[in-house]
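# structural data only, the sequence is not supplied:
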């Protein structure tokens with residue numbers, strides 16, 4: 001359920017500030033968790049690369065996880081959540 005409205009002038013109106021802030025906090029938590037997962041997987045990929053172990057299905061899964069996390073981060077950023 002949407003808790004805000006953007007007026008024609010670009011102002012944001014809110015009926016239930018407490019609920020809107022809780023929802024914003026949830027989005028920020030999701031963004032932080034996604035960023036942490038991206039950073040964790042990227043570090044693991046770099047570690048495996050340095051060890052010469054960046055081959056096989058496990059590495060492919062890690063690369064897919066990194067790409068998925070990046071896609072979510074880009075979606076957040078495109079909507080102003082950074």
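Structure's in. What do you need? What you see is a predicted model; the values in this text were computed from it and never measured. Residues are numbered from 1 along each chain as shown.

# now the helices: where do they sit in this protein?
17-50, 57-78 (DSSP state H).

# got the angle for the last one vs helix 17-50?
Same thing as helix 57-78. Helix 57-78 and helix 17-50 are oriented at 150 degrees to each other (axes from the mean of the first three to the mean of the last three Cα atoms, to 10 degrees).

# tell me what helix 57-78 is packed against?
In terms of contacts (3 or more Cβ pairs under 8 Å, 6 or more residues apart in numbering; DSSP states H and E), helix 57-78 is packed against helix 17-50. Every C-beta, even on glycine, is put in place using the N, C-alpha and C of the backbone.

# list the buried residues of the helix it packs on.
By neighbour count on 16 or more other Cβ atoms under 10 Å, the buried set for helix 17-50 is 31, 34, 37, 38, 41, 42, 45, 48.

# ok so, going back, in a markdown table, list the helices of the chain along with mean pLDDT.
Formatted as a markdown table, the helices of the chain follow (pLDDT from 0 to 100):
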| stretch | mean pLDDT |
| --- | --- |
| helix 17-50 | 95 |
| helix 57-78 | 95 |
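
# in JSON lines, list these along with distance to residue 11.
Output for the helices of the chain, formatted as JSON lines (distance: least, Cβ to Cβ, whole Å):
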{"stretch": "helix 17-50", "distance to residue 11": "14"}
{"stretch": "helix 57-78", "distance to residue 11": "21"}
